[in-house]
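Student: The following comprises the amino acid sequence and a computationally predicted model.
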Amino acid sequence: MSSATVLDHLGLCARDPGPLWAAWERMGFVLSPFAQQSGRRTPEGPVEPFGSANRCAFLKHGYVELLGIHDPALFSNGLDGFLARYAGTHICAFGMDDAEGNLARLRAGGMAIPGIAWLQRPVEAGGPIARFARLPFPDAPEGRVQLVQHMTPELVWDPRWMGHTNGAEALVVAILAAADPAETTARLSRLTGRPAEPDPVAGFRLRLPGAVGAAGPFSPAMETVVRVLPPDALGRVLPGVVPPSLPFMAGMVIRTSDQGRAARDVLAGLPLREAPDGLMVPPEAAGGAAVVFQ
């Protein structure tokens with residue numbers, strides 16, 4: 001039965017992307033080149049340029065997308081609505097291997113999904129076009145919650161953009177806060193096809209088993225996790241982080257190749273905090289999301 005296999009990526013949104021990109025470069029990430037987005041607003045519509053643009057921190061397992069509004073005169077691709085709530089993470093994408101099979105599963109479960117959204121973007125100016133298949137969760141209050149299948153993964157996971165001086169190599173955990181963690185987790189479970197289980201701290205979590213190739217050509221199978229916590233438990237996982245509104249995509253855990261040694265050196269001078277899973281850069285220094293280096 002088709003289901004999500006991995007935490008594919010998280011996406012941070014800012015009205016002006018320049019400071020966001022600079023903050024992530026300061027944290028030791030090598031970012032992909034500037035890319036203006038394009039796509040279809042509807043499954044049957046034409047491909048058109050969007051006003052949004054991104055750069056990404058690609059990891060051996062998953063990645064983090066950093067988005068902003070490049071051209072306010074064009075379709076913002078939903079960023080205006082996200083930024084009316086807060087600047088920070090508004091995109092959570094789960095990797096899948098079979099878009100058609102997952103569409104059939106979701107429709108059989110009664111989810112009103114109009115069809116597969118086909119998206120594309122140049123990997124760099126004048127370069128080849130990366131293509132994606134997307135199945136969004138309709139009207140998710142968390143933001144853009146979706147299943148994604150990479151049609152051209154070899155163009156996305158480019159070794160040129162993966163030599164991070166902080167040692168980052170894998171996006172392993174996404175952390176959400178919700179007023180009703182059970183309801184939020186049930187919806188995410190319905191979208192991903194993965195069962196919910198109690199979180200060790202509070203709330204619930206979904207575990208995604210991983211699949212060879214699901215998160216890019218460099219990724220062996222590995223487990224990733226989404227945690228959904230009540231707001232009063234968030235500080236136990238991400239010290240000092242307070243939700244600006246609920247639901248809130250609060251932060252992430254990024255595994256490093258050297259148990260965080262390089263990250264401690266690179267991050268020196270930032271307002272760091274010790275978290276249960278590692279060294280945390282707080283949201284105010286990372287574009288609105290807490291980033292924990294494991």
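Tutor: Alright, I've got the coordinates.

Student: Every contact and neighbour count from this point should use C-alpha atoms.
Tutor: Noted.

Student: got a list of contacts for the helix or strand containing residue 227?
Tutor: Using DSSP states H and E, residue 227 sits within strand 224-229. Contacts with strand 224-229, where a contact means C-alpha atoms under 8 Å, 6 or more residues apart in numbering, come from 6-7, 171-178, 181, 184-185, 199, 202-210.

Student: Are any of the residues you listed buried, and if so which?
Tutor: Among those, those buried by neighbour count (16 or more other C-alpha atoms under 10 Å) are 6-7, 171-178, 181, 184-185, 202-208, 210.

Student: These in strands, which ones?
Tutor: Members of the buried ones among the contacts of strand 224-229 lying in strands (criterion: DSSP state E): 6-7, 171-177, 204-208.

Student: any idea which of the residues you listed is closest to residue 100?
Tutor: Nearest to residue 100 among these: residue 6, at 17.3 Å, using C-alpha to C-alpha.

Student: if I pick residue 200, what's in contact with it?
Tutor: Contacts here follow C-alpha under 8 Å, 6+ apart; on that basis residue 200 touches nothing.

Student: isn't there a strand covering it?
Tutor: No: looking at residue 200 with DSSP: H, G, I helix; E, B strand; the rest coil, it is coil, so not inside a strand.

Student: Residue 226 versus that one, what's the distance?
Tutor: Residue 200 sits 12 Å away from residue 226, taking C-alpha to C-alpha, to the nearest Å as the criterion.

Student: what does residue 272 give?
Tutor: In this view, residue 272 and residue 226 are 23 Å apart by C-alpha to C-alpha.

Student: Which one of these two is surrounded by more residues?
Tutor: residue 226 (24 against 15; other C-alpha atoms under 10 Å).

Student: partners of the more buried one in the sheet?
Tutor: On the basis of DSSP bridges, residue 226 is bridged to residue 174, residue 206.

Student: Please tell me how far it sits from residue 108.
Tutor: 24 Å.

Student: got it, and residue 15?
Tutor: Residue 15 is 38 Å from residue 108, by C-alpha to C-alpha.

Student: just residue 20 next, same as before
Tutor: Distance from residue 20 to residue 108, by C-alpha to C-alpha: 40 Å.

Student: Among those two, which residue is more densely surrounded?
Tutor: Each of residue 20 and residue 108 has its neighbours counted (other C-alpha under 10 Å); residue 20 has more, 24 against 10.

Student: Hmm, residue 204 and residue 182 touching each other?
Tutor: Yes: with contact defined as C-alpha atoms under 8 Å, residue 182 reaches residue 204; the gap is 7.0 Å.

Student: partner residues bridging residue 145?
Tutor: residue 92.

Student: show me what contacts it?
Tutor: 91, 92, 93, 136, 137.

Student: any idea which of those is the one closest to residue 277?
Tutor: Nearest member of those to residue 277, counting by C-alpha to C-alpha, is residue 92, at 20.2 Å.

Student: Count the residues that sit near the closest one.
Tutor: By other C-alpha under 10 Å, neighbour count at residue 92 equals 23.
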